[in-house]
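Undergrad: Let's see this in three dimensions:
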Amino acid sequence: MRLALYEPDIPQNTGTLMRLAACFNLPVDIIEPCGFIFNDQKMRRAGMDYLDLVDYTRHVSWDAFYSQHTGRIVLLTTKGAQSHISFSFRSDDILLLGRESAGVPDFVHNQADARLRIPMRSNTRSLNVAISGAIVLGEALRQTGSFERLT
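TA: The predicted model follows:
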């Protein structure tokens with residue numbers, strides 16, 4: 001399983017997701033361009049000393065990422081018809097998170113193998129991208145038995 005961040009806007013969220021990936025020994029794909037200068041100083045504020053434990057790859061564009069990916073691309077989106085709870089995750093899935101400000105463009109949305117949403121109150125718009133990633137990743141790791149390999 002992997003996390004992929006599409007053109008992230010906020011360095012603190014990116015650092016938080018990288019820390020999450022470090023704790024669960026997951027690789028991360030950063031699909032550029034980022035909305036901030038990607039450097040250690042900005043990442044370390046949220047990721048702390050965990051960043052040295054993250055296996056991450058920076059991709060210059062969606063096309064560069066897409067041409068190299070293996071496994072299903074599972075997009076987390078408020079536009080998803082299916083709940084992450086009813087989805088059957090696989091251990092080779094790539095959980096794709098969109099930009100904090102705009103999600104992903106339609107062409108990325110259409111290339112995803114699955115589009116999932118997190119159930120929430122009807123009068124709310126969305127969760128923070130790092131929180132969304134953690135919620136869905138937790139369910140994916142539970143379903144695939146991946147928590148057991150960490151202990």
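Undergrad: Leaving out sequence neighbours, find the closest residue to A81.
TA: R115 (6.8 Å; C-beta to C-beta, 6 or more residues apart in numbering). Every C-beta, even on glycine, is put in place using the N, C-alpha and C of the backbone.
Undergrad: And I10, by the same measure?
TA: E100 (5.2 Å).
Undergrad: Please give the number of neighbouring residues around the one you found.
TA: Burial measure for E100: 19 neighbouring residues, criterion other C-beta atoms under 10 Å.
Undergrad: Specify the next element, helix or strand, located C-terminal of the worst-scoring helix or strand of the chain on mean pLDDT.
TA: In the chain, no helix or strand scores lower on mean pLDDT, DSSP states H and E than helix 40-47, which sits at a mean of 59. Counting by DSSP states H and E, the next helix or strand C-terminal to helix 40-47 is strand 56-59.
Undergrad: now what about that next one, what contacts it?
TA: 18, 21, 27-32, 38, 65, 68 (C-beta atoms under 8 Å, 6 or more residues apart in numbering).
Undergrad: Need the buried ones from those residues selected in PyMOL.
TA: Here is the PyMOL command that picks out the buried ones among the contacts of strand 56-59, judged by 16 or more other C-beta atoms under 10 Å:
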select buried, resi 18+21+28+29+30+31+32+65
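Undergrad: Point out the ones among the contacts of strand 56-59 that are inside strands.
TA: Of those, the ones assigned to strands by DSSP state E are 28-31.
Undergrad: List just the nearest of the residues you listed to D106.
TA: Closest approach between the ones in strands among the contacts of strand 56-59 and D106, by C-beta to C-beta: I31, at 15.8 Å.
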